[in-house]
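In: Give me the fold of what follows.
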Amino acid sequence: MKFTKLTSNGIADAAAISPDGKTLVYSTMHGASTGMLRRDLATGRFTELTPPLSGNVSGLGFTSGGTEVAFVNFPPKQPANRQLYIVPLTGGAPRRVLGTFPGPVSLSFDAKHTASVEGNEPEGQDELWISDTDTGQRHMLASYKYPERFVRTAKPAWSTDGRFLAYAVEQRDAKGFLVRIFAIDVKTGTKHNVKSPRWQIVQSMVWTRNKSALALVAQEQESSFQQIWYVPYPRGEARRIGNDFESYYGMSLTADDSQMVSVEAQTESNIYVTKASDWEHAVQITPGSGRYFDISWTADGHILYASDARGSADIWVMNDDGTGERQLTSGSGRNYAPVSSFDGKAIAFHSNRSGNWHVWRMNPDGSNPRQLSVSLRDGNWPQFTRNGQFVIFHQSDTKGAFNLWKASADGGGAARLTNAAVMHPAISPVDDKIAAWYSPTATNPHWQLAVFSPEGGEPLRTYAPTPEAKPDTALRWTPKGDAIAFIDYANGVSNICLQPIDGRPPRRITSFTSGDIYAFDWARDGRLVYSRGLISADVILIHDRKSGHE
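Out: Okay, here's the model as predicted:
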């Protein structure tokens, strides 16, 4: 296989190649808007496919013999309000196909049918629906009772003749969590399990022309990266295409299966430390470009972090000047989100070493790891109470909504603290109050900042974050416990914002004009540490050297 980069500005978001292999269509993110571009692969000429679109774009794909492009558009942070559109390859105003979709949706190649994933909470199940784009008539093709769920990251994949759909389902077996792929006959409803590795994530799927295989982007449970795979159907061993330390997003094939495109994302970051209360001026303490995530201070002023720069995701510790790196976990699944207890005697983290994502604790030197959460659902992002006796974390329920839980730091069970959609807890260094992202409803959530009592229950107070806040990121309290910090993503750039607990409006405390902040934390003496860098994403053409497409 040969890999060729088709874009070089680093802001590609999704891509599709025409059936004849002559045209590339791709999207680029610019803050809260998305650009849609077309490129003639023979001449290299770029043209605008649509005017800039508000919100996010996903699921790019060609239909109608390659004369039209289908895509999904939804407002920022509202993936439950997806609209499906078609635009001619010649460009112009997009045309909406059918109403609003709460989950993944895809359009058949002849543009006559949609396949959409919907949650049915009263029945306690996820459902796959087929709809006629002319009449709007529809029928349910398949369903799965909770806790099994259709994967929300991958849209159903139509075969070119419209006869089969491939889809991914979250399931569990004796070894724990996994994602399985199924192929279903649209006419009869007969489904078959597609033999494949134990996936942690399936992000994108497409059928080859004769339905002899699926090309997909997926992540194995022990891997830190989403890779491109070729999975023969109905039998055969899956094989990975490429073997690098980068992640891919999206998949599109030409009609003769000789060429495919995907978006390759490269992440580079470094760690920076500021003086107390001088948060605008920081010193870089790591050399060059690495991969540093989930930053936190230890009680004695060292820095904990997770890194997958060497292929596996593990937890490390370093001095506050970047020296003395030591690896604390090794050879046991993927490990993230380390946090020190207030007395420095323990470290909590989450790991999938037991088959599911669970909360663990270990000694400061990495010894004596112990599992604290035991649910079949994912438990993540632990935080110690001030006395070190308990760990607060978020855990998903059977419907996929996160709630706060409390477990003994010595093991022995956990108790639920909240009932609404709540995630990413942070413990106040003053009074153990819990800050978290909160939504009154789990369906189509609208996220707010909230403060809970140490015992949970309903929020004591809620705050409206900035419009471009990132609710899927960790929160931190300031050392004095007078404000909650979060990451804002205005104009496509990450900055740290403070929400005072007295209700005054939030304000930015950094003023970066480029780049991403991945994690941050305050030391007790007021110093701020953060990891910051760039994600560079470009469209990659992958083809067989024997095909002649050089």
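
In: mind checking the SS state of Asn491?
Out: helix (DSSP: H, G, I helix; E, B strand; the rest coil).

In: Local confidence estimate at it?
Out: pLDDT, Asn491: 80.

In: So what's the residue count around it?
Out: 12 (other C-beta atoms under 10 Å). The way it works is simple: take the backbone N, C-alpha and C, and place the C-beta from them, glycine included.

In: Please name the nearest non-neighbouring residue to Val273.
Out: Nearest residue to Val273 in three dimensions, chain neighbours excluded: Val529, at 5.0 Å (C-beta to C-beta, 6 or more residues apart in numbering).

In: Please disregard the earlier target; I meant Asp314.
Out: Asp314 sits nearest to Thr329 (C-beta to C-beta, 6+ apart), 4.6 Å away.

In: The one you found is in contact with Asn352, isn't it?
Out: No: in this structure, Thr329 is not within contact of Asn352 by C-beta atoms under 8 Å, at 11.8 Å.

In: what about the two, which has more around it?
Out: Between Thr329 and Asn352, Thr329 has the larger neighbour count (other C-beta under 10 Å), namely 24 against 20.

In: show me the residues around that one that make contact.
Out: Going by C-beta atoms under 8 Å, 6 or more residues apart in numbering, Thr329 touches Asp314, Ile315, Asn335, Phe349, Ser351, Met362, Gly366, Pro369.

In: ditto for Leu60
Out: Ala14, Ala15, Ala16, Val25, Tyr26, Ser27, Val69, Ala70, Phe71, Gly250, Ser252.

In: who's the fifth one bridged to?
Out: Tyr26 has the following beta-bridge partners by DSSP bridges: Ala15, Leu37.

In: quick one: it and Ala15 touch, right?
Out: Yes: using C-beta under 8 Å, Tyr26 is in contact with Ala15, at 3.9 Å.

In: what's the overlap in contacts for these two?
Out: Residues within reach of Tyr26 and of Ala15 at once, by C-beta under 8 Å, 6+ apart, are Leu60, Val263, Val539.

In: per-domain residue ranges of this protein.
Out: 2-264, 267-536 (automatic domain parsing).

In: closest to Asp544 out of those?
Out: domain 2-264 (5.8 Å; C-beta to C-beta).

In: so where's the stretch 101-250 of the chain shaky on pLDDT?
Out: Applying pLDDT under 70 to the stretch 101-250 of the chain picks out no residues at all.

In: What of the stretch 401-550 of the chain?
Out: Using pLDDT under 70, the flagged stretches of the stretch 401-550 of the chain are 545-550.

In: Which parts of it are strands?
Out: Along the stretch 401-550 of the chain, counting by DSSP state E, counting those that start in this stretch, strands occupy 402-408, 414-416, 421-427, 434-439, 448-453, 456-463, 476-477, 483-488, 495-500, 507-508, 516-522, 528-543.

In: Any of the contacts of Thr329 buried? List them.
Out: Among these, the ones that count as buried by 16 or more other C-beta atoms under 10 Å are Asp314, Ile315, Asn335, Phe349, Ser351, Met362, Gly366, Pro369.

In: Could you save these as TSV and add columns showing distance to Gly411?
Out: Putting the buried ones among the contacts of Thr329 into TSV (distance: C-beta to C-beta, whole Å) gives the following:
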residue	distance to Gly411
Asp314	22
Ile315	19
Asn335	18
Phe349	15
Ser351	15
Met362	12
Gly366	18
Pro369	11
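
In: ok so, going back, need the shared contacts of Tyr26 and Ala15 in JSON lines with distance to Asp278, can you?
Out: Converted to JSON lines, the shared contacts of Tyr26 and Ala15 look like this (distance: C-beta to C-beta, whole Å):
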{"residue": "Leu60", "distance to Asp278": "45"}
{"residue": "Val263", "distance to Asp278": "38"}
{"residue": "Val539", "distance to Asp278": "41"}
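
In: which one of those sits closest to Leu460?
Out: Closest approach between the shared contacts of Tyr26 and Ala15 and Leu460, by C-beta to C-beta: Val263, at 42.4 Å.

In: Now do the contacts for that closest one.
Out: With C-beta under 8 Å, 6+ apart, Val263 has these contacts: Ala12, Asp13, Ala14, Ala15, Tyr26, Tyr248, Tyr249, Gly250, Ala537, Asp538, Val539, Ile540.

In: Could you turn the buried ones of those into a ChimeraX selection?
Out: Here is the ChimeraX command that selects the buried residues among the contacts of Val263 (16+ other C-beta under 10 Å):
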select :12,13,14,15,26,248,249,250,537,538,539,540
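
In: Out of the contacts of Val263, which is nearest to Pro467?
Out: Asp13 (19.8 Å).

In: Pretty sure the closest one sits against Tyr26.
Out: Yes: when contacts are counted by C-beta under 8 Å, Asp13 is listed as touching Tyr26 (7.5 Å).
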